[in-house]
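>>> show me how the following folds:
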Amino acid sequence: MKPLPPYGSKVRNPSNGVWIYIVLAAWVFAECVKRNNPAKAPLVLPNNELPDDYRWPVGGLDVMVVLLDQQSPERVLLLGRELIYAGALRVVVIGETDNLPVRLTLFKPKKMMGAA
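This next block holds a predicted model:
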């Protein structure tokens, strides 16, 4: 079984979804967020890790991915796909980055044909 991402064990019914931070000092940033706003559930994707290295605890939740430094579009798309596969309702990616086609990206699961 894959491990949870950093802070993954702290996700327990967050009131405003899950926030994932991608930045060189993500642990410091996530710790600050957790201390200042306990209702948020911050997760971290370490800079040298791939999104599919982890088991994401996001089933039935909305997810906000905050890019705080440059990331490859492929890595961001892989993260979005992994989060949807893990059961996220919606994944919104925001950040100040020049290498994505848009600064706001939304991933949503496709509805199955014929499903009620």
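
>>> next structured bit after the longest helix belonging to the chain?
Looking only at the chain and at elements set by DSSP state H, the helix with the highest residue count is helix 73-85. Next along the chain after helix 73-85, taking DSSP states H and E as the criterion, comes strand 90-95.

>>> from the contact counts, what lies against that following strand?
Here strand 90-95 touches strand 62-67, helix 73-85, strand 104-107, going by 3 or more C-beta pairs under 8 Å, 6 or more residues apart in numbering; DSSP states H and E. No exception for glycine: its C-beta is placed from N, CA and C like everyone else's.

>>> how about those in CSV, adding mean pLDDT?
Conversion of the helices and strands packed on strand 90-95 to CSV gives the following (pLDDT from 0 to 100):
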stretch, mean pLDDT
strand 62-67, 86
helix 73-85, 90
strand 104-107, 64
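
>>> who's in contact with the nearest residue to Asp53 once chain neighbours are set aside?
Here the nearest residue to Asp53 in space, its sequence neighbours aside, is Lys2; by C-beta to C-beta, 6 or more residues apart in numbering that works out to 6.7 Å. Counting by C-beta atoms under 8 Å, 6 or more residues apart in numbering, Lys2 makes contact with 53-55.

>>> make a markdown table out of those and add secondary structure, pLDDT and distance to Leu45.
What follows is the contacts of Lys2, written out as a markdown table (DSSP: H, G, I helix; E, B strand; the rest coil; pLDDT from 0 to 100; distance: C-beta to C-beta, whole Å):
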| residue | secondary structure | pLDDT | distance to Leu45 |
| --- | --- | --- | --- |
| Asp53 | helix | 93 | 9 |
| Tyr54 | coil | 94 | 8 |
| Arg55 | coil | 94 | 13 |
